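1. Got a predicted structure plus its sequence, pasted below:
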Amino acid sequence: MYILSFVQEKRKLWKNILSDIKRYTAKCFHDLLLSEHTNYESRKIWLLQLFQDKDSKKFQLWQHGNHPIELGVMKCFIRDWIIFHPNP
């Protein structure tokens, strides 16, 4: 997943923001899978097993760590967007 941010903050603060985004989206996805609204989903058990952490047996949607990349100028942004956008 690519998150584009046009704020100029300290690197430590950006790491906290990214951590919060990852925690929130993982919780929402996990809650959605466990809700009654997804009982009709035939792949529900498979998805829960897929996102189960192998070591701790807890739900893990995101990989450990993150690698924020600062794009200094619009030219670099457009070049990197063209490269990364088709590669999910």
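-> Cool, the structure landed. In this text, all values refer to a predicted model and were calculated from it rather than measured experimentally. Numbering: from 1, shown residues only.

2. CA only for contacts and neighbour counts going forward, please
-> Noted.

3. Residue 61 and residue 51 touch, don't they?
-> Yes. Residue 61 is within contact range of residue 51, at 5.6 Å (criterion: CA atoms under 8 Å).

4. In the chain, what residue spans correspond to helices?
-> Taking DSSP state H as the criterion, the chain carries its helices at 11-34, 44-50, 74-84.

5. Nearest approach to residue 65 belongs to which of the ones you listed?
-> Nearest of the helices of the chain to residue 65, taken as CA to CA: helix 11-34 at 9.0 Å.

6. Now do that closest one, average pLDDT.
-> In this model, helix 11-34 carries a mean pLDDT of 81.

7. If we go by neighbour counts, what in it is buried?
-> 26, 30, 33 (16 or more other CA atoms under 10 Å).

8. In PDB, list the C-alpha atoms belonging to stretch 19-38.
-> C-alpha atoms of stretch 19-38 as PDB (Å, rounded to 0.1, in the frame of the first residue of the first chain):
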ATOM      1  CA  SER A  19       2.100   3.000  12.700                       C
ATOM      2  CA  ASP A  20      -1.300   4.400  13.700                       C
ATOM      3  CA  ILE A  21      -2.600   4.000  10.100                       C
ATOM      4  CA  LYS A  22      -1.500   0.400  10.000                       C
ATOM      5  CA  ARG A  23      -3.000  -0.400  13.500                       C
ATOM      6  CA  TYR A  24      -6.300   1.200  12.600                       C
ATOM      7  CA  THR A  25      -6.700  -0.500   9.200                       C
ATOM      8  CA  ALA A  26      -5.700  -3.900  10.600                       C
ATOM      9  CA  LYS A  27      -8.200  -3.500  13.500                       C
ATOM     10  CA  CYS A  28     -11.000  -2.500  11.100                       C
ATOM     11  CA  PHE A  29     -10.300  -5.400   8.700                       C
ATOM     12  CA  HIS A  30     -10.200  -7.900  11.600                       C
ATOM     13  CA  ASP A  31     -13.400  -6.600  13.100                       C
ATOM     14  CA  LEU A  32     -15.100  -6.700   9.700                       C
ATOM     15  CA  LEU A  33     -14.100 -10.400   9.200                       C
ATOM     16  CA  LEU A  34     -15.400 -11.300  12.700                       C
ATOM     17  CA  SER A  35     -18.700  -9.400  12.300                       C
ATOM     18  CA  GLU A  36     -22.000 -11.000  11.500                       C
ATOM     19  CA  HIS A  37     -22.100  -9.000   8.200                       C
ATOM     20  CA  THR A  38     -19.500 -11.300   6.800                       C
END
